[in-house]
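K.L.:
Here is a sequence together with a model predicted from it:
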Amino acid sequence: MSLPTTFPGLLITSAGQGVHAALGELNASDLPAGDVTIRVEYSTLNYKDALALRHGAPVVRKFPMVPGVDLAGTVVTSTDPRFQPGDAVLVNGWGLGENHWGGHAAYARVPGGFALKIPAGLNAAQAMAIGTAGYTSMLCLMALERGGLTPAAGPVLVTGASGGVGSIALALLAARGFQVVASTGKTAEADYLRSMGATEIIDRSTLSAPGKPLQKERWAAAIDSVGGQTLANVCAGLNYRGAVAACGMAQSLDFPASVAPFILRGVTLHGIDSVRAPLAEREIAWARLARELDLGKLAQATREIPLAETISAAADLLAGKIRGRIVIRLPGL
């Protein structure tokens with residue numbers, strides 16, 4: 001396998017106050033510096049990718065930029081001794097699609113420290129069906145478990161349950177024996193959410209409006225990808241010494257809460273950063289995903305599209321029309 005002179009990819013450019021995303025031919029000479037060059041086979045469409053494609057800033061830190069916070073494929077060349085041509089690898093986080101060219105192109109070049117070998121039991125398409133969303137879900141679960149969470153503690157709430165993080169969180173928690181409550185604004189997805197592992201479904205409107213600083217104790221823990229008033233209400237409704245792992249801001253970056261749940265109930269708020277998590281933690285998370293995630297449920301939560309449909313799919317994602325995971329198939333496959 002050799003690196004061609006040009007290859008297809010999405011590129012976000014900036015002109016004045018506007019940004020433009022388009023599919024075209026990219027030059028291999030423009031690839032960023034790095035130790036490992038990868039033939040990208042699959043990528044993903046995440047909320048952050050959709051924001052970058054439709055709005056550019058603040059996600060994109062420099063232009064021109066190839067979006068895509070995830071990628072999986074085969075090593076073409078490597079000066080890093082950990083990787084050899086032909087190795088199946090994945091990359092997620094580390095600023096891909098923000099300040100380093102990402103996965104929405106047929107080739108990528110990254111520092112060796114960004115890459116992981118795809119764990120045994122997963123192929124490139126499955127690794128991307130998991131992607132940053134599933135990896136983040138596992139980081140959330142690991143944080144809650146480090147705090148002592150077990151199924152005996154009581155139900156666990158998942159907000160944004162029909163999204164990528166939420167869908168995989170449901171499956172992971174159910175596989176560990178937890179009673180899982182799914183919060184969603186898509187009541188038509190009830191059957192899907194139950195098939196992913198939810199034992200109870202609540203309407204997101206019960207969490208999205210301002211509420212009391214302390215509310216009825218309802219959940220032992222929560223995984224929240226929504227933020228804003230929802231996260232404030234989640235904290236207010238946790239059991240004594242409950243915990244929430246917060247990893248998203250779909251509703252808002254704001255946190256209109258009080259200290260009451262933290263000082264009167266001993267609640268813990270874990271902030272989950274998937275972008276710069278250390279290598280050792282990443283390896284544990286991905287190894288667990290390969291072992292613990294039901295691949296049948298993963299397939300049920302995943303839709304595959306060609307690269308050419310990515311920009312239109314980004315608009316649908318931001319409009320709340322997408323459930324689960326979107327995997328992008330790169331040209332040539």
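P.N.:
Yes, it's here.
K.L.:
Let me know the average pLDDT across the lengthiest helix in the chain.
P.N.:
Of all the elements of type helix in the chain, the one with the most residues (DSSP state H) is helix 124-146. The pLDDT scores in helix 124-146 average 98.
K.L.:
Show the contacting residues for residue 208.
P.N.:
228, 229, 230, 233, 251 (C-beta atoms under 8 Å, 6 or more residues apart in numbering). The way it works is simple: take the backbone N, C-alpha and C, and place the C-beta from them, glycine included.
K.L.:
And for residue 252?
P.N.:
Taking C-beta under 8 Å, 6+ apart, we find residue 252 in contact with 227, 228, 229.
K.L.:
again, only using 10 Å
P.N.:
208, 226, 227, 228, 229, 230, 231, 232 (C-beta atoms under 10 Å, 6 or more residues apart in numbering).
K.L.:
from those, which is closest to residue 20?
P.N.:
Nearest to residue 20 among the contacts of residue 252: residue 227, at 28.9 Å, using C-beta to C-beta.
K.L.:
how about the contacts of residue 252 in CSV, adding distance to residue 98 and pLDDT?
P.N.:
Below are the contacts of residue 252 laid out as CSV (distance: C-beta to C-beta, whole Å; pLDDT from 0 to 100):
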residue, distance to residue 98, pLDDT
208, 28, 95
226, 22, 96
227, 19, 97
228, 22, 97
229, 27, 97
230, 25, 98
231, 23, 98
232, 28, 98
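K.L.:
how about these in CSV, adding distance to residue 313 and secondary structure?
P.N.:
Output for the contacts of residue 252, formatted as CSV (distance: C-beta to C-beta, whole Å; DSSP: H, G, I helix; E, B strand; the rest coil):
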residue, distance to residue 313, secondary structure
208, 25, helix
226, 21, coil
227, 23, strand
228, 25, helix
229, 28, helix
230, 25, helix
231, 27, helix
232, 31, helix
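K.L.:
Okay, strands next: where are they in the stretch 1-150 of the chain?
P.N.:
6-15, 18-27, 36-45, 70-78, 88-92, 107-110, 115-117 (DSSP state E, counting those that start in this stretch).
K.L.:
Which member of the contacts of residue 252 is positioned nearest residue 120?
P.N.:
When those are compared against residue 120 (criterion: C-beta to C-beta), the nearest one is residue 226, at 34.0 Å.
K.L.:
List the contacts of the closest one.
P.N.:
Applying C-beta under 10 Å, 6+ apart to residue 226 gives the contacts 159-161, 163, 165-166, 183, 185, 204, 207-208, 233-234, 246-252.
K.L.:
ok, so what distance separates residue 327 from residue 125?
P.N.:
In this structure, residue 327 and residue 125 are 6 Å apart, going by C-beta to C-beta, to the nearest Å.
K.L.:
what's the overlap in contacts for the two?
P.N.:
In contact with both residue 327 and residue 125: 42, 72, 302, 304, using C-beta under 10 Å, 6+ apart.
K.L.:
Make a PyMOL selection of the buried ones in these.
P.N.:
Filtering the shared contacts of residue 327 and residue 125 down to the buried ones (16 or more other C-beta atoms under 10 Å) takes a single PyMOL command:
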select buried, resi 42+72+302
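K.L.:
Count the residues that sit near the residue nearest to residue 187 when sequence neighbours are not counted.
P.N.:
Closest residue to residue 187 apart from its sequence neighbours, by C-beta to C-beta, 6 or more residues apart in numbering: residue 203 at 6.8 Å. For residue 203, the neighbour count with other C-beta atoms under 10 Å is 12.
K.L.:
just to revisit the earlier point, I'd like to know which of the contacts of residue 252 is nearest to residue 288.
P.N.:
Of all these, residue 226 has the smallest distance to residue 288: 24.1 Å, by C-beta to C-beta.
K.L.:
Low-confidence stretches in the stretch 51-200 of the chain?
P.N.:
Within the stretch 51-200 of the chain, no range satisfies pLDDT under 70.
K.L.:
the helices in the stretch 101-250 of the chain, which residues?
P.N.:
Listed in chain order, the helices of the stretch 101-250 of the chain (DSSP state H, counting those that start in this stretch) span 124-146, 164-175, 190-196, 205-208, 228-236.
K.L.:
Could you single out the most deeply buried of those helices?
P.N.:
helix 164-175 (a mean of 28; mean count of other C-beta atoms under 10 Å).
K.L.:
Which residue is the nearest non-sequential neighbour of residue 186?
P.N.:
Excluding the flanking residues, the one nearest residue 186 by C-beta to C-beta, 6+ apart is residue 162, at 5.1 Å.
K.L.:
Am I right that the one you found is in contact with residue 185?
P.N.:
Yes. Residue 162 is within contact range of residue 185, at 8.2 Å (criterion: C-beta atoms under 10 Å).
K.L.:
which residues are in contact with both of those two?
P.N.:
204, 320.
K.L.:
Which of the two has more residues huddled nearby?
P.N.:
Using other C-beta under 10 Å, the more surrounded residue of residue 162 and residue 185 is residue 162, with 26 against 14.
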